[in-house]
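Chemist: Fold the following and give me the result.
(one chain, ligands or ions: 1)
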Amino acid sequence: MKVTVVVGARPNFMKAAPVISALKRRDGIDVEVVHTGQHYDERMSDAFFRDLGIPEPTANLAVGSQSHARQTAEVLTRFEEFLRNTRSDLAVVAGDVNSTIAAALAAVKLLVPVAHIEAGLRSFDRTMPEEINRILTDSISALLFVTEPSGLRHLQREGIPAERVHYVGNSMIDTLLRMKDRALGMPLPPGIQAPFGVMTLHRPSNVDSPAVLAGILDALAGLCRDLPLLWPIHPRSEKNLEEFGLIGRARGIPRLHLLPPCGYLEFLAMMARARLILTDSGGIQEEALVLRVPVITLRDNTERPITVECGGNLLCGSEPSRIRAAARTMMDLDPAEFRIPEGWDGRAGERIADVIARFLKDPWL
Ligand code: UD1
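Modeler: Sure, this is the predicted structure:
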């Protein structure tokens, strides 16, 4: 049986890697990787393949950066063509990026069943492109792999048949646990010593508006007086800082270190030693919890409520005063008291491979 694992953007790689390696160890399953090319820079893509040991893709669809409609349409068209020229018994997609829904849709229309890693998450914020991608992907998937209890509730409420839904834990955390020791052996960027905080920012709601981005810089200027901050900048955010004339202001904030995007290990090395993480990413909220580093999330909602319930995450939106207050609150907590969700134990990839192996023996759409 042949399983086609589709990846496209940075957060997909660490979710798919453990599933790819668990499937490769199964007899009778042939695994191929297809890269949509949504992310293509060395530091956004190749560095992750290398760090995580993901096999060379059979195909790179090279869709690149485009508007939502064009990017989605290119993945749809090119992945459909790929599938027409091969045989696949299951397409595996991960997360909530445009490549996820596009690859799932192309596959299911060709009667190739779809498995979705990280199903059921909901922010209930339909202005987020990822929320639309999640809802649509879940609705057409034959196998839905859930990472946290809220996912089970959402899928049940949306009428997804229970036999499709599997609580498996978090495969991205498999990757983190596998790589953590190696990352801790890596040096920090030159001139950086603990204590420090780490920040990531790339959501359109934070970086596409000059006023919001300028407010966040004000908050950072205040925070950096107490704690130096490392900020590996996503290309989208860097482009906007330049376009809005804010890059000089960002560079001028004392103790704010602007860095290029990092590879997986390099970033994990920073996160694992951080005193505080500021982010608007989804996955980093989860990684921070397992690393027991307090995180403040510069959003008003999260599709990962378990990270808040377990004590490690506080939502603070993008208002400067709320950001500063949230940072103080979280730095006062004892991370030893954070709880770790069920199944975030390094074995999720194996559990996913178990379900897939059973499904391939008796598939249904
Ligand atoms: C995408 C995902 C988002 C995910 C994020 C992680 C969607 C809708 N969004 O957002 O969910 O959290 O990836 O990074 O799928 N760019 C480069 N080099 C690259 C890739 C992108 O320079 O390798 C620049 C381009 O200018 C591009 C911009 O970043 O226009 C945005 O890239 P895109 O993939 O469209 O969305 P992200 O913001 O990365």
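Chemist: Domain parsing of this protein, as residue ranges.
Modeler: Structural domains annotated on the chain: 2-170+344-361, 184-337, as defined by automatic domain parsing.
Chemist: Tabulate these in CSV, adding columns for distance to the ligand and mean neighbour count.
Modeler: The C-beta positions use only the backbone N, C-alpha and C, and glycine is treated the same way. Conversion of the domains of the chain to CSV gives the following (distance: least, Cβ to the nearest ligand atom, whole Å; neighbours: other Cβ atoms under 10 Å):
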stretch, distance to the ligand, mean neighbour count
domain 2-170+344-361, 3, 20
domain 184-337, 3, 18
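Chemist: Any chance of TSV for those domains, columns mean pLDDT?
Modeler: Formatted as TSV, the domains of the chain follow (pLDDT from 0 to 100):
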stretch	mean pLDDT
domain 2-170+344-361	97
domain 184-337	97
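Chemist: Out of those domains, flag the one nearest Arg178.
Modeler: domain 2-170+344-361 (6.9 Å; Cβ to Cβ).
Chemist: For the closest one, measure first residue to last.
Modeler: This stretch, domain 2-170+344-361, spans 12 Å end to end (Cα to Cα, to the nearest Å).
Chemist: repeat for stretch 109-124
Modeler: Where stretch 109-124 begins and where it ends lie 27 Å apart, using Cα to Cα.
Chemist: for stretch 333-351, same thing?
Modeler: Span of stretch 333-351 from end to end, Cα to Cα: 33 Å.
Chemist: which residues touch that stretch?
Modeler: With Cβ atoms under 8 Å, 6 or more residues apart in numbering as the test, stretch 333-351 has contacts from 17-19, 21-22, 145, 147-149, 166-171, 173-174, 177-178, 286, 289-290, 292-294, 306, 309-312.
Chemist: now, which of those lie within strands?
Modeler: 145, 166-167 (DSSP state E).
Chemist: Rebuild these as a markdown table, extending it with distance to Val92.
Modeler: Output for the ones in strands among the contacts of stretch 333-351, formatted as a markdown table (distance: Cβ to Cβ, whole Å):
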| residue | distance to Val92 |
| --- | --- |
| Phe145 | 9 |
| His166 | 13 |
| Tyr167 | 17 |
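Chemist: Among these, which one sits closest to Ile135?
Modeler: For those, the nearest to Ile135 is Phe145 (16.0 Å; Cβ to Cβ).
Chemist: pretty sure that closest one is touching Ala353, no?
Modeler: No: using Cβ atoms under 8 Å, Phe145 makes no contact with Ala353, being 10.6 Å away.
Chemist: what sits against Ile29?
Modeler: 1-3, 23, 356-357, 360.
Chemist: That one and Asp354, how far apart?
Modeler: The span separating Ile29 from Asp354 equals 12 Å under the rule Cβ to Cβ, to the nearest Å.
Chemist: Could you do Arg225 as well?
Modeler: Computed as Cβ to Cβ, the Arg225 to Asp354 distance reads 51 Å.
Chemist: got it, and Leu61?
Modeler: Leu61 is 29 Å from Asp354, by Cβ to Cβ.
Chemist: Same question for Gly8.
Modeler: Gly8 sits 25 Å away from Asp354, taking Cβ to Cβ as the criterion.
Chemist: downstream neighbour of the helix or strand hosting Ser321 in the secondary structure list?
Modeler: Using DSSP states H and E, Ser321 maps to helix 320-331. Note on helix 320-331: by DSSP H and E, the next helix or strand toward the C-terminus is helix 348-361.
Chemist: so how far is that next one from its chain's centroid?
Modeler: Taking Cα atoms, centre = their mean, to the nearest Å, the mean C-alpha location of helix 348-361 is offset from the chain mean by 22 Å.
Chemist: now do stretch 290-309
Modeler: That offset, for stretch 290-309, works out to 13 Å (Cα atoms, centre = their mean).
Chemist: now swap in stretch 214-233 and tell me
Modeler: Counting by Cα atoms, centre = their mean, stretch 214-233 comes out at 23 Å from the chain centroid.
Chemist: Show residues contacting it.
Modeler: With Cβ under 8 Å, 6+ apart as the criterion, stretch 214-233 contacts 189, 192, 195-201, 206, 241, 244, 246, 249-250, 253-262, 267, 270, 274-276, 278, 298, 318-321, 323-324, 327, 331.
Chemist: Which of those residues fall within strands?
Modeler: Going by DSSP E, the strands hold 197-199, 256-259, 276, 278 from these.
Chemist: hmm, which two among these are most spread apart?
Modeler: It's Leu258 and Leu276 that sit farthest apart of the ones in strands among the contacts of stretch 214-233, by Cβ to Cβ, at 17.6 Å.
Chemist: Grab the nearest non-local neighbour of Leu298.
Modeler: Asp280 (4.6 Å; Cβ to Cβ, 6 or more residues apart in numbering).
Chemist: Ramachandran angles for that neighbour?
Modeler: phi -120, psi 10 (degrees, to the nearest 10).
Chemist: doesn't Leu201 make contact with it?
Modeler: Yes: counting by Cβ under 8 Å, Asp280 touches Leu201, with 5.5 Å between them.
Chemist: Find the residues that touch each one of the two.
Modeler: Leu298.
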